[in-house]
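Novice: sequence first, predicted coordinates after that:
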Amino acid sequence: MKNFIILLLLFITNISTAQLGVNLNMPERGGTYIDVVKENYRWVSIATGALVTTEEVDNQGWPLVDAIYIFDERPVAEWTGSIDDPEVYRLDLTGTYKCSFNGKADVLNTEDGNIENYQYDEVNNKSTFDLVVTGTAGLFVFEFSNTKRTATSVFNTGFTNFKMLRPGYDNDDDIFHQPLVDILTEVGFSAVRYMMFTGANGGDTNFPESISWENRKLPTDASQNRMSQIGKKGRSCWEYVIALANKTMTDPWINIPVSADSNYVIRLAELLQKNLDPTLNIYVESSNEVWNTAPGFEQTEYNRAQGVSLGLDERQNHGRRTVELSKLFAQVYGQDAINDNIRIVMSNHKPMLKWWVKPTLQYINTNFGPPSSYIYALSTQTYFTGGHSMLSVDELLDKCHENIVEQMDEQSGNEAGRLQWIQMGKDWNLTGGLLSYEGGPDHGGGSLSNINNKIKAERNERMCDIMKFNIDTSFLQVGGELGMHFMLSSPYMRYGSYGLTDDIDKPYRNFKMACVKDMLDNFTAVKENEINKSSNFEVYPNPILDKFSIDFNIKKSQNVSISVYNILGSKIMTLVDKRFGSGKHTESFQVTLDEGIYFVNLQIDGKEIANKKIIFLN
């Protein structure tokens with residue numbers, strides 16, 4: 001026992017910090033940028049009543065005509081006369097917004113708020129006004145008529161540089177809404193995935209066209225949202241990714257468009273090398289879900305079409321592109337950076353481990369060499385669901401727990417349990433093993449079935465325990481390296497109640513944000529240790545529901561003692577203590593223990609041989 005306690009203390013001094021990250025939305029629910037206009041691009045031509053066309057905007061996206069600006073933060077889906085959220089939670093959008101633009105116009109607000117203090121400075125060609133909002137409906141509609149781009153322009157020529165600063169700000173020099181910066185810093189996320197922030201889905205061009213570096217999104221564009229009118233289908237620019245990563249000191253996980261050409265990738269790597277804090281790691285992924293055939297996943301069709309042109313199937317081309325990204329980043333950062341601070345991630349859909357991932361890795365191995373030379377880790381989803389049945393809140397949460405257990409070990413069919421994914425990373429010697437690129441509670445799909453209870457379950461205190469069970473006990477503790485929640489904020493709605501909060505300005509108003517912070521504050525992954533690997537000591541399955549087996553090998557007839565200890569080093573039970581003959585032995589047991597982490601300790605003739613971490617699930 002004394003030896004075991006010493007060994008356990010050695011484990012505890014070798015603690016690894018929890019690796020928990022989050023996906024950013026764009027915009028966050030409650031604000032990403034100080035300037036609201038950066039978050040939204042919805043301009044309607046007054047003359048036609050339709051969205052502005054390419055001919056009606058300049059090369060930055062500003063209107064060349066009289067236009068209406070629409071900003072909508074109403075609950076889903078109030079515009080159809082129905083609100084999903086049973087509590088009808090609304091963001092507090094009241095206050096005074098400092099607004100300005102270059103040019104002159106008659107400005108009318110036809111929804112929430114009053115226009116006050118309009119002034120035009122002819123010398124600087126700048127208009128300023130206040131929007132004073134006292135209501136909370138969340139819909140702003142500005143009408144800019146009789147526009148003059150300069151003091152000497154004719155009417156109906158538009159304007160530039162429209163800004164609408166959130167209440168409490170006099171300028172947007174700091175770029176980001178402070179509550180967003182505060183929560184990312186305060187919670188202490190390990191990484192931030194910028195897939196939604198930069199608009200990976202739907203951000204590609206059509207094959208064989210490609211995106212050049214010169215046509216990327218810029219900080220000076222009229223919006224950091226999609227602007228198809230000027231050929232920019234992505235969202236926030238890379239400069240803002242770097243700025244937010246540096247400000248919060250969180251590792252960025254970036255998603256590079258599949259249609260971005262080689263020069264684009266090299267220039268992006270150079271931009272990161274020059275401007276990103278050098279102590280930060282960079283996770284690099286080829287677009288997002290290139291297997292996904294849902295509308296809006298244009299990258300899937302691009303990957304497939306490009307593969308055909310190269311004589312490859314879609315899996316092979318995904319592997320080729322992932323290796324290409326690794327090589328291009330190595331040109332800039334050096335080969336030694338690969339699998340160190342440059343971490344190339346190959347992601348895929350959870351059920352497709354056998355059908356996509358394995359053949360892709362085999363293709364890379366055959367054509368480029370060991371995947372571990374290029375790829376840091378595999379990645380998949382860690383979502384869980386209570387389904388769409390008409391269940392109570394507690395029943396839904398029970399179903400969530402059951403769903404996580406069901407995902408752990410899938411030895412037939414798709415063979416794509418979390419344990420199989422983790423083993424695949426080990427089999428290919430990937431430094432980072434397995435990551436989760438997205439995860440968390442998913443009751444979406446657009447179904448309104450039992451929507452009230454599904455949203456209430458998200459706000460229930462028990463959801464915290466389910467989330468800890470999902471990402472800590474059932475992912476990180478069984479060998480996952482980094483878990484990413486999807487996403488930081490979102491409204492609670494039929495399309496998935498993913499967000500840790502539904503209001504960046506009040507991030508702890510529900511339980512999920514505090515839950516993640518608690519995990520990051522308290523999580524410790526105790527490192528498994530083996531003193532003598534020649535014993536071939538194995539415990540399986542692991543995690544354990546109740547039944548499990550232990551294999552061990554001894555060279556001669558000896559006394560074998562196998563016991564179970566808790567994480568504090570207290571013995572829970574002795575499973576076996578007797579003499580065995582030489583050779584391999586298998587002992588099976590059925591044990592009931594509380595859900596959690598334990599250690600199976602093997603002693604032979606009183607000498608400590610091995611210690612295995614096990615997870616018990618209920």
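Specialist: Ah, there it is. No experiment lies behind these values; they were computed from the predicted model shown.

Novice: so where's this protein uncertain?
Specialist: The model of the chain has pLDDT under 70 over residues 1-18, 523-535, 567-569.

Novice: can I get the CA coordinates of the longest helix along it in CSV?
Specialist: Looking across the chain with DSSP state H, the single longest helix is helix 314-333. Output of helix 314-333 as CSV, limited to C-alpha atoms (Å, rounded to 0.1, in the frame of the first residue of the first chain):
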residue,chain,number,x,y,z
GLU,A,314,-13.2,12.4,-52.1
ARG,A,315,-11.5,10.6,-49.2
GLN,A,316,-8.1,10.6,-51.0
ASN,A,317,-8.4,14.2,-52.0
HIS,A,318,-9.3,15.2,-48.4
GLY,A,319,-6.1,13.4,-47.3
ARG,A,320,-4.1,15.0,-50.1
ARG,A,321,-5.3,18.5,-49.1
THR,A,322,-4.6,17.9,-45.4
VAL,A,323,-1.0,16.8,-46.3
GLU,A,324,-0.7,19.8,-48.6
LEU,A,325,-1.6,22.2,-45.8
SER,A,326,1.0,20.6,-43.6
LYS,A,327,3.7,21.0,-46.2
LEU,A,328,2.8,24.6,-46.9
PHE,A,329,2.9,25.6,-43.3
ALA,A,330,6.2,23.7,-43.0
GLN,A,331,7.6,26.0,-45.7
VAL,A,332,6.9,29.0,-43.5
TYR,A,333,7.4,27.7,-40.0
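
Novice: okay, buried residues for stretch 603-618 please.
Specialist: 603-604, 608-617 (16 or more other Cβ atoms under 10 Å). C-beta here means a position set from N, CA and C on the backbone, and glycine is covered the same way.

Novice: wait, stretch 562-577
Specialist: 562-565, 569, 575.

Novice: got the end-to-end distance for it?
Specialist: 6 Å (Cα to Cα, to the nearest Å).

Novice: now do stretch 255-269
Specialist: 12 Å.

Novice: what's the answer for stretch 72-88, then?
Specialist: End-to-end distance of stretch 72-88: 15 Å, with Cα to Cα as the criterion.

Novice: re the thing from before, out of the buried residues of stretch 603-618, which sit inside strands?
Specialist: Using DSSP state E, the subset of those located in strands is 603-604, 608-616.

Novice: rewinding a little: closest one to residue 455 out of the buried residues of stretch 562-577, please.
Specialist: residue 564 (40.6 Å; Cβ to Cβ).

Novice: quick one: residues in contact with the longest helix of the chain.
Specialist: 256, 258, 262, 265-266, 269-270, 273, 284, 286, 290-291, 300, 303-304, 306-307, 310, 312, 337-338, 341-342, 344, 346, 356, 359-361, 363-364, 367-368, 374-375 (Cβ atoms under 8 Å, 6 or more residues apart in numbering).

Novice: quick one: end-to-end length of stretch 284-303, please.
Specialist: Distance between the two ends of stretch 284-303: 17 Å, counting by Cα to Cα.

Novice: swap in stretch 447-463?
Specialist: End to end - Cα to Cα - stretch 447-463 spans 20 Å.

Novice: what's in contact with that stretch?
Specialist: Residues contacting stretch 447-463 (Cβ under 8 Å, 6+ apart): 84-87, 386, 388-394, 396-397, 400, 441, 443, 492-494, 497, 510-512, 515.

Novice: that one: which residues count as buried?
Specialist: Those would be 450-451, 453-460, 462-463, for stretch 447-463 by 16+ other Cβ under 10 Å.

Novice: distance to residue 242 and secondary structure added to those, as CSV?
Specialist: CSV is the format used below for those (distance: Cβ to Cβ, whole Å; DSSP: H, G, I helix; E, B strand; the rest coil):
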residue, distance to residue 242, secondary structure
450, 43, coil
451, 39, helix
453, 42, helix
454, 37, helix
455, 36, helix
456, 39, helix
457, 37, helix
458, 32, helix
459, 35, coil
460, 38, coil
462, 39, helix
463, 34, helix
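
Novice: farthest-apart pair in these, please.
Specialist: The largest separation in the buried residues of stretch 447-463, counting by Cβ to Cβ, is between 451 and 462 at 18.7 Å.

Novice: what about the helices in this structure?
Specialist: Assigned by DSSP H, the chain shows helices spanning 2-12, 178-187, 195-198, 238-248, 262-275, 298-309, 314-333, 358-367, 393-407, 418-427, 451-458, 462-468, 512-522.

Novice: mind exporting the third one as CSV, just the C-alpha atoms?
Specialist: When you say that, I think you mean helix 195-198. Taking Å, rounded to 0.1, in the frame of the first residue of the first chain, the C-alpha atoms of helix 195-198 are listed here in CSV:
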residue,chain,number,x,y,z
MET,A,195,-14.9,27.9,-38.2
MET,A,196,-18.1,29.9,-37.8
PHE,A,197,-16.3,33.2,-37.1
THR,A,198,-14.5,33.0,-40.5
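
Novice: can you list contacts of it?
Specialist: 23-26, 32, 201, 217, 234-238, 241, 253-255, 285, 288, 437, 487.

Novice: again, only using 6 Å
Specialist: Residues from elsewhere that reach helix 195-198, judged by Cβ atoms under 6 Å, 6 or more residues apart in numbering: 24-26, 234-236, 255, 288.
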